[in-house]
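Asks: Got a predicted structure plus its sequence, pasted below:
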Amino acid sequence: MDERADSSMAKPLRILMFSESSYPRHPGGAGKCSHQLAAGLVARGHVVHLVSETTDSAVREEIDGVDVHRFARLDTSEIASERIEQATAEHVLDYLERHLDLDVIDLVHDSGGFLSYFFPVAWELDRRWGLPLVLHYRYLMIRHRILETQTGRLDLLGGDFLGFESFLHISSQGFPARFATRVVVLSEDDAYFVREHYRPRGELVTLPDPVVPHAIDASARTRRRDELGGDRGPLVLFGGRIADVRFKGTDVVFQAFDRLRQRLPDCRLILAAADDSVVGSFRDAFGSAVEALGWIGDAEALATTLAAVDLVWMPSRYEPFGLMCAEAMAVGTPVVGSPVGGLSEMICDGENGLLLSAEDADDWVDELADRTVALLRDPATLESMGSAAYRFARDHLALPVVVARVESLYREVLATSYCGEIQPPVWDDADTSAYLDRLASYAGDEARAVGRETLETWDDTVTDRCLGCTHARMAESIQELDRAGRARFERTFTPERWRRRLATAVREVCPLALRQKELASERDYLPGLRAST
């Protein structure tokens, strides 16, 4: 055990945490959870320097004991697109060197995806100061892109997608997994995806986002319920970034509420979301049956509102965790959610909420309406579910519980033998066979032979490959492989000249990148299906 790890066991830790630019007050969960984790760690005696980006002037402030650094966003208007990521990394590193003593920092925690998009920042902190990285995936962009399709499938090796990627001069979200000491995900669903696609070299840890359980005063709950019109009938809440219609299941809610109103005409829908065109469409369709609250930024106001309603609806098609579900449970309000991500791990169907069972989201509409009607007509079960939801949040999601797990994770990282190198991904015989078959589909057995040579030297070249890799480079290398395969039939190429071009093309393509794209194109990631082929 080195001196840093040994001494860390007897002293408070000094953590450099990165968060998305909207930390800590923002319309989303990542910044909020970063703030809660940071403040919770400070409350346990640790020092947390939290760094985030701002479009305004740089500012340093203290929030709940956390030393918050907001560095000014780099003006990239005059920077070539292929230089923006590296320039941003240099900009961030320059800020850190001027404002922090990096020699006394124990570790880096990327809590929100910042470093996973600016790969050089994480690597330079590792290379120059030997800082181990805890990489915290809160949102997997590739899953987002897959679900943007109507089928749940996306051909990442198709010409259209590769053409799109050829303009993205940014590192893949998976690259920091090549040297992160621990990789954190929010659910087992995302863990499966990260393990299969990113092949992290460090241990994979599933960790929920924290919430603060609230025992809402009965009179406050009643007052809020009356304000929302609960004296006239049941209240169902739907909120968050509902403008992301497909991802949040806004279309499902619209249809299900229409069916619900036919059977329970006095039921009201509470929309806790920004007042935009989507909210307007609900108002146009349902009139006074809809109460639009806008975005609720105050934690106490949100907690009281969640406690005042009967149910919360979350029929999301992709939900890495589901913070609103956790926040509802933390005040004793059951959630009806879809079988995806963290929702399927927080909701125990029939005990602390309802979990939709249909594998096809098209079938969620009727199930959501039917099961909601049945539950609203059964007050005793509704109350029992609420109590069970509160207990689950208290025992598994409460801030002190999660922060203690995070501290334990940090201690494990600092006690681990640290290599500080980019590591090749986990790779087995099935991967080799699939990779060689894919090469052969472009250019036959000649490509197979070069592919075998590439794998033999992969361990020696992985660092240079990763440090120089971007989405554009991956896409362009695969496009060149395709062109090289077709060039064998062109008269301008002699057999020897063609083989040289093919060999160059094959060696340039990253085997993992090719395998990742193949896996993502083959798998079915529709809600409720865990990667069945």
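Replies: Arrived safely.

Asks: The stretch 51-200 of the chain: helices as residue ranges?
Replies: Listed in chain order, the helices of the stretch 51-200 of the chain (DSSP state H, counting those that start in this stretch) span 84-99, 114-117, 119-129, 141-147, 159-165, 188-197.

Asks: okay, those, which one's buried deepest?
Replies: Sort the helices of the stretch 51-200 of the chain by mean neighbour count, taking mean count of other CB atoms under 10 Å, and helix 114-117 sits at the top with a mean of 24. Placement of C-beta: from N, CA and C, glycine included.

Asks: And the helices of the stretch 51-200 of the chain, which one averages the lowest pLDDT?
Replies: Mean pLDDT per stretch puts helix 114-117 lowest among these, at a mean of 62.

Asks: Give me the below-cutoff pLDDT ranges for this protein.
Replies: Low-confidence segments of the chain, defined by pLDDT under 70: 1-10, 22-28, 113-118, 148-153, 418, 523-533.

Asks: just the strands in it please.
Replies: Here the chain has its strands, by DSSP state E, at 14-18, 47-54, 59-63, 66-72, 107-111, 133-136, 182-185, 203-206, 235-239, 268-272, 290-292, 311-314, 335-337, 353-355.

Asks: Out of those, which gets nearest to Arg145?
Replies: Of all the strands of the chain, strand 182-185 sits nearest to Arg145, with 17.9 Å by CB to CB.

Asks: what comes into contact with the closest one?
Replies: With CB atoms under 8 Å, 6 or more residues apart in numbering as the test, strand 182-185 has contacts from 134-137, 177, 191, 194, 198, 200, 202-207, 320, 409, 412-413.

Asks: What strands flank it, and is each parallel or antiparallel?
Replies: Using DSSP bridges, the strands paired with strand 182-185 are strand 133-136 (parallel), strand 203-206 (parallel).

Asks: For Ala404, which of the ones you listed is the nearest?
Replies: Closest among those, once you apply CB to CB, is strand 203-206, at 13.8 Å.

Asks: about what we covered before: could you dump the helices of the stretch 51-200 of the chain into CSV and include distance to His69?
Replies: CSV is the format used below for these (distance: least, CB to CB, whole Å):
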stretch, distance to His69
helix 84-99, 6
helix 114-117, 12
helix 119-129, 14
helix 141-147, 25
helix 159-165, 32
helix 188-197, 28
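
Asks: returning to what we had before: could you dump the strands of the chain to a markdown table with mean neighbour count and distance to Glu345?
Replies: Below are these laid out as a markdown table (neighbours: other CB atoms under 10 Å; distance: least, CB to CB, whole Å):
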| stretch | mean neighbour count | distance to Glu345 |
| --- | --- | --- |
| strand 14-18 | 24 | 25 |
| strand 47-54 | 21 | 27 |
| strand 59-63 | 11 | 30 |
| strand 66-72 | 20 | 28 |
| strand 107-111 | 26 | 20 |
| strand 133-136 | 26 | 17 |
| strand 182-185 | 24 | 11 |
| strand 203-206 | 16 | 8 |
| strand 235-239 | 24 | 20 |
| strand 268-272 | 23 | 23 |
| strand 290-292 | 18 | 30 |
| strand 311-314 | 26 | 13 |
| strand 335-337 | 27 | 10 |
| strand 353-355 | 24 | 10 |
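
Asks: Let me have those strands in TSV, adding distance to Ala389 as columns.
Replies: As requested, those are exported to TSV (distance: least, CB to CB, whole Å):
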stretch	distance to Ala389
strand 14-18	30
strand 47-54	30
strand 59-63	30
strand 66-72	29
strand 107-111	26
strand 133-136	25
strand 182-185	23
strand 203-206	20
strand 235-239	14
strand 268-272	18
strand 290-292	23
strand 311-314	10
strand 335-337	7
strand 353-355	6
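
Asks: I'd like the distance between Leu162 and Asp437.
Replies: 19 Å (CB to CB, to the nearest Å).

Asks: likewise Asp155?
Replies: Using CB to CB, Asp155 is found at 17 Å from Asp437.

Asks: nearest residue to Gly130 other than its sequence neighbours?
Replies: What sits nearest to Gly130 in space, not counting adjacent residues and going by CB to CB, 6 or more residues apart in numbering, is Gly420, at 5.8 Å.

Asks: For the one you found, give me its contacts.
Replies: By CB under 8 Å, 6+ apart, Gly420 lies in contact with 126-127, 130, 132, 179.

Asks: try Glu453
Replies: Glu453 neighbours (CB under 8 Å, 6+ apart): Arg507.

Asks: Please apply the same query to Ser338.
Replies: By CB under 8 Å, 6+ apart, the contact list for Ser338 reads 249, 314-317, 319, 344, 355-356, 361, 364, 527-528.

Asks: count of neighbours near the residue lying closest to Leu481 once chain neighbours are set aside?
Replies: Nearest non-adjacent residue to Leu481, counting by CB to CB, 6+ apart: Ala505, 4.5 Å away. Ala505: 24 surrounding residues under other CB atoms under 10 Å.

Asks: swap in Arg391?
Replies: 14.

Asks: Against Val340, how distant is the closest residue to it other than its chain neighbours?
Replies: Distances taken as CB to CB, 6+ apart place Asn352 nearest to Arg391, at 7.7 Å, with adjacent residues excluded. Shown here: Asn352 relative to Val340, a distance of 17 Å by CB to CB.
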